[in-house]
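**Q** model this:
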Amino acid sequence: MVKQYIGARYVPKFDGDYNSEKEYEPLTIVTYMFNSYTSKKIVPPGILPTNEEYWACTGLYNQQVEEYRQQ
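**A** So this is what the prediction gives:
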């Protein structure tokens, strides 16, 4: 008998550009305004990645570019 674990996903899923019409599962990574965000929990459609209750900013591309320019 093959055992299969049914439960939370532990590996992030890369889902490309943010789509406001889509619901996202926890640990889904999207890009929005040139930065990346990871969902903390189920995200209903229309919740922007800048909403810290649902999303964590995990990549600040714009900030990194600005820091390189200043160096």
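**Q** can you find the helix or strand in this protein with the smallest mean pLDDT?
**A** Least confident helix or strand of the chain, by mean pLDDT, DSSP states H and E, is helix 61-70 with a mean of 71.
**Q** which residues in this protein form strands?
**A** Using DSSP state E, the strands found in the chain span residues 13-17, 28-32, 35-39, 55-59.
**Q** let me have the ones you listed in TSV, adding mean pLDDT as columns.
**A** Below are the strands of the chain laid out as TSV (pLDDT from 0 to 100):
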stretch	mean pLDDT
strand 13-17	94
strand 28-32	95
strand 35-39	94
strand 55-59	92
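**Q** ranking the ones you listed by burial, who's on top?
**A** Of all the strands of the chain, strand 35-39 has the most neighbours on average by mean count of other C-beta atoms under 10 Å, namely a mean of 20. All C-beta atoms are positioned from the backbone trio N, CA, C, and that covers glycine.
**Q** for it, packing partners?
**A** strand 28-32, strand 55-59, helix 61-70 (3 or more C-beta pairs under 8 Å, 6 or more residues apart in numbering; DSSP states H and E).
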